[in-house]
Each structure stands twice: as C-alpha cells, then as structure tokens.
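Colleague: With the sequence up front, the predicted model follows.
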Amino acid sequence: MRDLVGELIASIDPQSLLQRIVEQVCVRMPTASGASVALKTPGDYLEVLATYGVTGAVQGRVVPIDETFQVYPLGSGRPEIVDDTATDERITPQVRELSQQLGVRSCLSIPLISEGSAIGTLSVVAHEPYAFGASDVAPVSAVAEFLGVLISASAQLAALLKDLLGAGSIRVDSRAAADLLASVLLPELSERDELRRVIDDVVMAGEIVPVFQPIFDLITGEVIGFEGLSRFKCEPTRSPDKWIALAHNVRRGIDVELKALRALLKGALSIPDKYLVSVNLSPLALADPIIQQELLSYPRGVVVELTEREPAPELLGESVEPLRQSGIRLAIDDAGSGFAGLTTILRLRPDIIKLDRELTVGIDTDPSRRALATALTHFAREIDAYTVAEGIETEVQMQLLRDIGIRYGQGYFLGRPQPVDVFEESLFSRA
C-alpha cells in the first residue's frame with residue numbers, strides 16, 4: 001500500500017511539460033546547443049529531469065552539485081553566465097571535463113525558486129564561447145520563474161494527495177481511494193512499479209548473459225566478425241529490445257545498457273583480433289560520457305550499432321567524433337525501418353549500414369524489398385560504407401543478396417547466437 005501511495009505522489013510530475021519547455025528554450029535561442037532542467041535532491045545532488053540537444057547525454061543522471069555548472073546559480077540565487085568553460089577560473093576540473101565531453105564552451109544557468117529557496121536550475125549551453133549575454137537573461141529567467149511555480153504547485157498537490165490517502169497512517173478506506181486515484185492518474189501504476197523492481201534486479205544482480213552471432217562473408221563463406229547480443233535471464237520473458245525500451249521508460253535505460261555493454265565487452269575479450277566485434281547501443285546511451293569512456297578504454301576497436309529505439313539526437317555526430325578518431329566504427333542498425341532514415345544516415349555518415357531483417361525476409365518474392373535493398377546498397381557505396389544484411393533464413397535469400405551486391409550477412413541460416421565458449425571450441429581453435 002505504501003508503495004502505491006508513493007507512486008501516486010510521484011506521478012504528480014510535470015515531466016512532459018518540462019521536456020517541452022527545454023526544447024522550446026533551446027530552439028528559440030539561436031546560439032543555444034542544448035538546454036536542461038535539474039532539481040536538487042537530498043545530499044547536495046542534482047537530478048537532471050529534462051534535456052534537449054547536447055545535454056541529452058546527462059538525461060536522468062544524479063550528480064553532485066559541485067561537479068556541475070549549476071553550483072553557481074544555486075549558491076548565489078541569481079542567474080549566472082559562464083562565458084568560456086576553457087578559461088573561467090571558477091570552473092572545477094570535474095566541470096571542465098564534463099564540458100569537454102559534451103562540447104560545451106558557454107552556459108547560462110538560472111535558479112528555480114520555490115518559497116524563497118533555490119530548488120533547481122534551468123540551464124542553456126552552447127558550443128561556442130561567449131554565446132550568452134545580458135539580453136538572454138530576462139527571457140530565460142521568466143521561464144525559470146514559471147517552472148519554479150509549476151514545481152511548487154506540483155509538490156503541494158502531492159502533499160494534498162498524501163494527506164488524502166493517509167500515507168502517514170494508513171486508514172481503512174485508503175486502499176479504495178488509492179485504487180481510484182491510480183486509475184485516473186496513472187493507469188499503468190502496478191505494471192510500472194513491478195517493472196522498475198525487475199529492472200533494478202536485472203541491473204544489480206547481473207542477470208544479463210552475452211551471446212554472439214557470427215557475421216559472414218557471403219562470397220567466401222568465412223566468418224568475418226560477431227555481433228554481441230544480450231539475453232536477460234528474468235521473468236517475465238521479454239526480448240532484449242523490449243527490456244531496454246521498458247528500462248528507458250522508468251529511467252533505468254542507460255544503466256541497463258551500460259551493464260549489458262560491460263558483459264558483452266568482457267565476453268568479447270576471448271574473440272581473436274582478426275574478427276570484428278559489434279555491440280548495440282541506443283543513441284541516448286552512445287552519447288553518455290560514461291559509456292563513451294567504457295568504449296575508449298577497451299583494448300580493441302569495436303563497431304557500435306546504433307539501434308532503433310529513438311531518433312538520433314541532432315548533435316550525436318559531433319559527440320561521437322572522439323570515438324571514431326580512436327578507431328571505433330559506427331553502424332546504423334535496421335536500415336530501412338523505424339528511425340533509420342536517409343537523413344540520419346547522412347548526418348552520421350556510418351561506416352556500416354545494416355539492412356533490417358524485414359527487407360531480407362521475403363526479398364525473394366517481393367520486388368519492392370529487392371528494390372529498396374538495392375538502393376540502400378548503392379547508397380552505402382556512395383558514402384564509402386559497406387552493407388550487412390540481417391535475418392538471412394534461406395539459401396535463396398543469401399543468393400539474391402549476393403546478386404544485388406551485398407557481401408556480408410548474418411542470420412539463423414548462417415549461424416545462431418551462441419555463448420562465446422562455443423566458438424572457442426570450434427572456430428577460434430582454428431584461427
């Protein structure tokens with residue numbers, strides 16, 4: 001019962017409005033590269049609740065206040081401008097390092113005030129130094145004032161709800177009241193609460209098992225690499241993509257992706273260097289500084305397959321440039337479906353384009369699928385990328401893919417995902 005009351009109180013959260021506000025603040029300021037809203041939490045921490053643009057890399061993070069730009073307006077209670085993060089003497093090493101990772105050179109940060117105290121910040125950042133001046137303070141301050149009132153009203157409503165439900169001392173009728181309010185305020189409450197607990201168990205208990213599917217040269221028949229995939233050993237049974245998408249819905253997505261990445265990279269240490277190794281990450285995870293550092297510190301180059309859970313942020317190409325300079329290659333997964341449109345491919349200039357299995361299945365009977373696969377293959381050549389077909393299930397499909405110029409592929413017809421030790425006993429012993 002107490003969990004239900006707590007979740008109902010937590011549901012009084014202007015999250016969607018916060019997201020729209022940071023988006024519009026950034027869009028309407030020509031010099032801005034990103035914006036965010038963060039609130040203070042117990043123990044002098046900040047939780048980043050809403051982001052847009054380059055700040056997407058810190059969405060959902062809880063960080064010490066003194067390791068952020070926001071330490072200045074929270075301390076003074078006034079708007080603060082950092083003209084240049086590279087030269088400002090107030091900048092701590094932690095803040096300077098974060099700004100370098102995000103490509104941020106200047107920042108305007110406004111405190112959110114509730115009942116006379118700073119409870120958080122609205123911040124706007126830019127790639128260029130000296131991007132903000134006195135004329136920018138007034139409009140952003142007006143938005144920050146509205147946010148302070150909005151968040152304060154939300155807290156008051158939560159307190160009223162807590163009193164109504166008798167959260168402090170459970171009344172006999174509280175269960176019925178909570179059920180009624182849950183049906184109005186948060187219909188998916190029970191499922192979401194259980195999902196958060198399961199996600200936390202998966203992350204904390206390490207119930208993520210890596211497997212690897214071989215990628216073949218369709219002309220020579222040789223294995224040229226492996227795609228790392230995750231298997232979640234928990235109930236209820238769901239596909240890896242579904243687990244990660246659900247984890248993002250309860251703000252555990254990056255934690256789950258980081259856990260899966262570490263398991264895959266550890267397993268891939270057994271794969272000889274002659275084979276390429278690819279891992280899957282969402283655009284949000286790929287932009288995360290911790291995940292980027294995990295990839296940069298790995299002793300061999302990998303291919304990062306950008307998955308289709310959400311569209312790639314506009315500035316993702318810039319944020320992953322250090323990875324590419326270190327030898328890490330970028331692949332667009334599931335091209336031909338979802339968010340993997342030509343605009344995203346053009347913006348990111350991937351090294352590899354992986355055709356969605358929906359193009360492969362039925363390519364021998366559907367001229368439209370063949371035409372689209374052929375067009376994507378020619379397009380890949382024009383941007384100096386190569387193509388990998390996923391989901392090959394028959395010899396006829398494999399032959400048709402070869403005929404239209406696709407040299408590399410994977411699928412159950414060629415090889416199923418297996419634990420790495422299976423390949424150690426068979427393939428690697430001959431390498």
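Modeller: In hand now; what should we look at?
Colleague: rest of the way, CA atoms for contacts and neighbours
Modeller: Noted.
Colleague: What ranges does the protein have for its strands?
Modeller: Taking DSSP state E as the criterion, the chain contains strands spanning 34-41, 45-53, 62-64, 80-82, 106-114, 117-126, 208-217, 223-232, 276-281, 303-306, 329-335, 352-355, 386-389, 408-409.
Colleague: Out of these, flag the one nearest residue 23.
Modeller: strand 45-53 (5.5 Å; CA to CA).
Colleague: State the paired neighbours of that closest one in the sheet, together with their directions.
Modeller: strand 34-41 (antiparallel), strand 62-64 (antiparallel) (DSSP bridges).
Colleague: Pull the distance from it to the chain's centre.
Modeller: For strand 45-53, the gap between its own C-alpha mean and the chain's C-alpha mean amounts to 13 Å (CA atoms, centre = their mean, to the nearest Å).
Colleague: can you list contacts of that strand?
Modeller: 15, 18-19, 22-23, 26, 33-41, 58-65, 120, 313-315 (CA atoms under 8 Å, 6 or more residues apart in numbering).
Colleague: Repeat the analysis, applying 7 Å as the threshold.
Modeller: 18-19, 22-23, 33-41, 58-65, 313-315 (CA atoms under 7 Å, 6 or more residues apart in numbering).
Colleague: Now the buried members of those residues.
Modeller: 18-19, 22-23, 33-40, 58-63, 65, 313, 315 (16 or more other CA atoms under 10 Å).
Colleague: so where's the protein shaky on pLDDT?
Modeller: 1-16, 154-194, 202-204, 206, 236, 308-315, 336-343, 429-431 (pLDDT under 70).
Colleague: the domain parsing of it - what is it?
Modeller: 2-165, 191-430 (automatic domain parsing).
Colleague: Now the spatially most central residue of the chain: closest residue in space that isn't a chain neighbour?
Modeller: With distances taken as CA atoms, centre = their mean, the residue of the chain nearest its centroid is residue 284 (2.3 Å). Nearest in space to residue 284, with sequence neighbours left out and distances taken as CA to CA, 6 or more residues apart in numbering, is residue 57 at 6.3 Å.
Colleague: count of neighbours near that neighbour?
Modeller: Counted with other CA atoms under 10 Å, residues neighbouring residue 57 total 25.
Colleague: Can you verify my assumption that it contacts residue 287?
Modeller: Yes: using CA atoms under 7 Å, residue 57 is in contact with residue 287, at 5.0 Å.
Colleague: Against residue 331, how distant is the residue nearest to residue 284?
Modeller: 19 Å (CA to CA, to the nearest Å).
Colleague: just residue 79 next, same as before
Modeller: From residue 79 to residue 331 the distance is 42 Å (CA to CA).
Colleague: same question, residue 259
Modeller: 21 Å.
Colleague: more crowded one of the two?
Modeller: residue 331 (26 against 19).
Colleague: can I get the strands of the chain in a markdown table with distance to residue 134?
Modeller: As requested, the strands of the chain are arranged in a markdown table below (distance: least, CA to CA, whole Å):
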| stretch | distance to residue 134 |
| --- | --- |
| strand 34-41 | 18 |
| strand 45-53 | 22 |
| strand 62-64 | 28 |
| strand 80-82 | 9 |
| strand 106-114 | 10 |
| strand 117-126 | 14 |
| strand 208-217 | 51 |
| strand 223-232 | 50 |
| strand 276-281 | 40 |
| strand 303-306 | 40 |
| strand 329-335 | 41 |
| strand 352-355 | 46 |
| strand 386-389 | 49 |
| strand 408-409 | 56 |
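Colleague: Residue 136: which of those strands is closest?
Modeller: Nearest to residue 136, of those and by CA to CA, is strand 106-114 at 8.4 Å.
Colleague: what inclination does that closest one have with respect to strand 34-41?
Modeller: Interaxial angle, strand 106-114 versus strand 34-41 (axes from the mean of the first three to the mean of the last three CA atoms, to 10 degrees): 40 degrees.
Colleague: contacting residues around residue 110?
Modeller: 73, 78, 79, 80, 121, 122, 123, 141, 144.
Colleague: and with 6 Å instead?
Modeller: Neighbouring residues of residue 110 by CA atoms under 6 Å, 6 or more residues apart in numbering: 79, 121, 122.
Colleague: Next one: it from residue 123, what distance?
Modeller: 6 Å.
Colleague: Likewise for residue 293?
Modeller: On the measure of CA to CA, residue 293 and residue 123 end up 25 Å apart.
Colleague: next one: residue 268
Modeller: For residue 268 relative to residue 123 (CA to CA), the value is 40 Å.
Colleague: in the stretch 101-250 of the chain, which spans are helices?
Modeller: 134-165, 174-185, 189-205, 240-249 (DSSP state H, counting those that start in this stretch).
Colleague: Isn't residue 128 up against residue 104?
Modeller: No: look at residue 128 against residue 104 with CA atoms under 6 Å: they stay out of range, at 7.2 Å.
Colleague: Neighbour count for these two, which is higher?
Modeller: residue 104 (22 against 18).
Colleague: so who does that one touch?
Modeller: 126, 127.
Colleague: try the one 4 residues further on
Modeller: Under the criterion of CA under 6 Å, 6+ apart, the contact list for residue 108 reads 80, 81, 123, 124.
Colleague: What is the most widely separated pair among the residues you listed?
Modeller: 80 and 124, at 10.8 Å, using CA to CA across the contacts of residue 108.
Colleague: For these two, work out which one has more neighbours and name it.
Modeller: residue 124 (29 against 20).
Colleague: looking at the sheet around the more buried one, what are its partners?
Modeller: residue 35, residue 108.
Colleague: I'd say it and residue 37 touch.
Modeller: No: contact criterion CA under 6 Å: residue 124 and residue 37 do not qualify, at 9.2 Å.
Colleague: Quick one: residues in contact with stretch 416-431.
Modeller: 211, 212, 213.
Colleague: Please list only the buried members of the residues you listed.
Modeller: 211, 212, 213.
Colleague: how about these in CSV, adding distance to residue 422?
Modeller: Below are the buried ones among the contacts of stretch 416-431 laid out as CSV (distance: CA to CA, whole Å):
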residue, distance to residue 422
211, 10
212, 10
213, 11
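Colleague: and which of the residues you listed is nearest residue 395?
Modeller: residue 213 (17.8 Å).
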